[in-house]
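Visitor: fold the following for me, if possible:
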Amino acid sequence: MAGAGVRAALTILLAVALATPATAQSARLPRDLLDAIPPSARVEGDRGRMRVVQPLCRVGPTHWARRRIVDIAVQEWAVFGYQTVDARPVETRRLPDGVVADAANPPRPAPRNARHLLRLGTWESSRDADATIAGYWSATPDGASLLARQNRQWRGGDDGPVDWVQPWSAAFVSWVMCEAGLGDPAQFRRDVSHRVYIDQAIRARDGAGPAAAYVAWDAGEQPIEPGDLLCNSRGGTDYRSLADRRPEMGEYAPAHCDIVVRVDADRINVIGGNVVQGVSLTILPLTSDGAAHPRPVAGRDLAGARTIFAHLKLRADPVEADAMDRSPTIRALAGS
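Guide: Numbers count the residues shown, from 1 in each chain. Prediction:
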């Protein structure tokens, strides 16, 4: 399929995704098109008796990993029904009653935090969904014990609330890295918490961990590329730069990281887990104000926007800025 055809298909897909709820998901590609083991194949059993049967990960050279990271993340987005969140400031906040918009009182921009949050239909309560998310957990050191707690809840135990609506975004990123070939913890410290591999990347920036796949930078210090990670704090923690995290390295801190899959002049596409209770793509606007390179719009630029405090840059060969469009999943969609 020619590049123009892929771009046209992707444009139509995103337009439909932003306008209508998703009720169906794309099937996973055959292994000869994308050699990735489904996360559900890493576990077996039904609710209450599910267990990890494959905790191992692929190990390969870091400099080959960038395209696989993008391709694997895009396929998971498709499996979850192309859920899309548009965070670009295309809408405006209403001015107070009696105030007329003019040069002195311009309409105030606001992020469009998902004009339409897409849902998974009945899939989210199926055995396939349970096994998929459990498979993400299996790639983390604590995955088996967390799944055991989940089983107790499913069986009606009193071990406390453990549910898939609780954060599994770090488990998703960990599984992507596991399947992409960054299976050696010296490359990527897979964990149920984003802070663990964020701190690893900060140490790599400081000269420790020469085998670390990612190096941490402040937003705007380095160009953003597909395969990189963009991280923001959450849950009351207000990190705005690496300097805010450094004094607390090693301590718990709620955070969220997304995988960059496409970079344009004024926006980027990122894919993350546990976003709208699924794997979702978010469109983030970029700005060049006050930075050496374009950076995601932050809270200081636009009220309500998330602030990226850590850009984790992959030590890998570059790929095309539109790597998402070239992924096997999107090419298969364009061909259909």
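
Visitor: distance check, the closest residue to Asp184 other than its chain neighbours against Arg127.
Guide: The spatial neighbour of Asp184 that comes closest, neighbours along the chain excluded (Cβ to Cβ, 6 or more residues apart in numbering), is Val59 at 5.1 Å. Heads up, the C-betas are built off the backbone N, CA and C, glycines and all. Val59 is 30 Å from Arg127, where distance means Cβ to Cβ, to the nearest Å.

Visitor: same question, Pro61
Guide: 36 Å.

Visitor: who's in contact with the residue nearest to Asp184?
Guide: Gly181, Leu182, Gly183, Asp184, Gln187 (Cβ atoms under 8 Å, 6 or more residues apart in numbering).

Visitor: any idea which of the residues you listed is closest to Ala41?
Guide: Using Cβ to Cβ, Gly183 comes nearest to Ala41 of the contacts of Val59, at 15.9 Å.

Visitor: hmm, back to that, now the residue nearest to Asp184: phi and psi?
Guide: Dihedral pair for Val59: phi -130, psi 120, per degrees, to the nearest 10.

Visitor: now do it, the pLDDT please.
Guide: At Val59, the predicted lDDT confidence score is 97.

Visitor: what do you get for Arg246?
Guide: For Arg246, pLDDT reads 96.

Visitor: what's the burial count for Trp164?
Guide: Close neighbours of Trp164, defined as other Cβ atoms under 10 Å, add up to 19.

Visitor: so it, which state does it fall into?
Guide: Following DSSP: H, G, I helix; E, B strand; the rest coil, we place Trp164 in the coil state.

Visitor: and it, what is it in contact with?
Guide: Contacts of Trp164 (Cβ under 8 Å, 6+ apart): Ala129, Asp130, Ile133, Gln150, Gln277.

Visitor: ok, and the most crowded of those?
Guide: With neighbours taken as other Cβ under 10 Å, the top of those is Ile133, carrying 26 neighbours.

Visitor: is it fair to say that one lies in a helix?
Guide: Yes - remark: Ile133 belongs to a helix, assigned using three-state DSSP.

Visitor: for it, which non-adjacent residue is spatially closest?
Guide: Nearest non-adjacent residue to Ile133 (Cβ to Cβ, 6+ apart): Trp164, at 5.2 Å.

Visitor: check the gap between the one you found and Pro30 for me.
Guide: For Trp164 relative to Pro30 (Cβ to Cβ), the value is 28 Å.

Visitor: okay, stretch 173-188 in CSV with CA atoms only?
Guide: What follows is stretch 173-188 as a C-alpha-only set of coordinates in CSV (Å, rounded to 0.1, in the frame of the first residue of the first chain):
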residue,chain,number,x,y,z
VAL,A,173,4.6,-0.5,29.1
SER,A,174,6.6,-3.2,30.7
TRP,A,175,5.0,-5.9,28.5
VAL,A,176,5.6,-3.9,25.4
MET,A,177,9.3,-3.6,26.3
CYS,A,178,9.4,-7.3,27.3
GLU,A,179,8.0,-8.3,23.9
ALA,A,180,10.1,-5.7,22.0
GLY,A,181,13.3,-7.3,23.2
LEU,A,182,14.3,-5.2,26.2
GLY,A,183,13.9,-8.2,28.5
ASP,A,184,17.1,-7.7,30.4
PRO,A,185,16.4,-5.6,33.6
ALA,A,186,19.7,-3.8,32.9
GLN,A,187,18.0,-2.5,29.7
PHE,A,188,14.6,-1.8,31.2
